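any chance you can model this:
(one chain, ligands or ions: 1)
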Amino acid sequence: MPALISLKDVHKQFATGVVALQQVSIEVAEQEFVSLLGPSGCGKSTILRLVAGLDRPSSGQIMSPAMTSAADTAFVFQDATLMPWASVFDNVWLPLRLDGESRSASEARVLDALARVGLKGFEKAFPAELSGGMRMRASIARALVTRPRVMLMDEPFAALDEFTRHKLNDDLLACWQAQRFATLFVTHSVLESVFLSQRVLVMGPRPGRVVAEVVIDEPYPRSASFRESPRYHAACAQLNLALASLHAPVDQVVR
Ligand SMILES: Nc1ncnc2c1ncn2[C@@H]1O[C@H](COP(=O)(O)OP(=O)(O)OP(=O)(O)O)[C@@H](O)[C@H]1O
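Next up, the predicted model:
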């Protein structure tokens, strides 16, 4: 598969003088699922912002679909960022509405996106009536509804309990298998990165750079039995070792 997203020798220094990224080169192929793993402040969110075209590198080259069409790229944040005054349907309709699509013309796509994330029947509910996990599901439906080629996810499940997180990991993978958007997924969790990804890129602390890459050579669909397999534990151990070698504080390594 050719690279859909490519960063080549990217350097990012903020006006404050902070060098957030140094010589970062990353490629994500069409339909690929890649995670970025690393200690707090190593520049993971900065990479997503650059790929989304929300910021520019100080030097180096970036290629991504967001450079030509914003509709090709969806962003999911840790906070579900739903409009509290609008129903679940209207929240998910938002990107289509901004694109000039009427409510009735969007209806089938909105209901399909809600069904894919397990929110069938909740279209009339308001965000305050939903659990944290359901709000995140609505946020993912809003990202899926435009059928993006690229999905950028910034610690989307970090605030959820482990049970809900596992469920959302399973359901995200089902959506990814159905739509095969290229995914760049930022997480602090070794376990989550191994379960989800085809490749995990480990980033070192400031100035941020990629220090290791671990390929997770496991077919999809991945089920709970993968989480219990020796292959899963071996990949987690390999990543924990790479993180430990950065001398990151323990809570950031095992979180
Ligand atoms: N707009 C900005 N101006 C100045 N410094 C910034 C800006 N945005 C980020 N930084 C700094 O750049 C570094 C990288 O930040 P970034 O948010 O990309 O890290 P991160 O790996 O996503 O962290 P976390 O895991 O805590 O979310 C940090 O030191 C941060 O303080």
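
how about the residues of the stretch 151-255 of the chain near the ligand?
Neighbours of the ligand within the stretch 151-255 of the chain, by Cβ under 6 Å from any ligand atom: Arg206. No exception for glycine: its C-beta is placed from N, CA and C like everyone else's.

quick one, strands of the stretch 151-255 of the chain?
182-187, 199-204, 209-215 (DSSP state E, counting those that start in this stretch).

highest mean neighbour count out of these?
Of these, the one with the most neighbours on average (mean count of other Cβ atoms under 10 Å) is strand 182-187, at a mean of 24.

and the contacts of stretch 166-178?
By Cβ atoms under 8 Å, 6 or more residues apart in numbering, the list of residues contacting stretch 166-178 from outside reads 33, 116-118, 133, 136-137, 140, 144, 151, 156-157, 160, 183, 192, 195-196, 220-224, 227.

hang on, Gln23 in a helix?
No. Read with DSSP: H, G, I helix; E, B strand; the rest coil, Gln23 is strand and lies in no helix.

quick one: contacts for it?
Contacts here follow Cβ under 8 Å, 6+ apart; on that basis Gln23 touches Asp9, Val10, His11, Gly60, Arg209.

go again with 10 Å.
Gln23 makes contacts with Leu7, Lys8, Asp9, Val10, His11, Ser59, Gly60, Pro207, Gly208, Arg209, Val210, as judged by Cβ atoms under 10 Å, 6 or more residues apart in numbering.

nearest residue to the middle of the chain?
The chain has Met153 as the residue nearest its centroid, 2.1 Å off, counting by Cα atoms, centre = their mean.

pLDDT weak spots in the stretch 151-255 of the chain?
The model of the stretch 151-255 of the chain has pLDDT under 70 over residues 248-255.

of all residues in it, which one is closest to the ligand?
Arg206 (5.7 Å; Cβ to the nearest ligand atom).

how far off centre is the host helix or strand of Leu36?
Secondary structure assignment for Leu36, by DSSP states H and E: strand 33-37. With Cα atoms, centre = their mean, to the nearest Å as the basis, strand 33-37 stands 8 Å off its chain's centre.

could you do stretch 36-56 as well?
11 Å.

distance of Leu201 from Pro95?
Distance, Leu201 to Pro95, by Cβ to Cβ, to the nearest Å: 28 Å.

same thing with Leu4?
Distance of Leu4 to Pro95, given as Cβ to Cβ: 20 Å.

do Ala235 as well
Distance from Ala235 to Pro95, by Cβ to Cβ: 35 Å.

who's more crowded, those two?
Counted by other Cβ atoms under 10 Å, Ala235 and Pro95 do not tie: Ala235 has more neighbours, with 24 against 19.

just checking, that one touches Val200?
Yes. Contact criterion Cβ atoms under 10 Å: Ala235 and Val200 qualify, at 7.9 Å.

residues shared between the contacts of those two?
Common neighbours of Ala235 and Val200 (Cβ under 10 Å, 6+ apart) are Val190, Ser193, Val194, Val214, Val215, Ile216.
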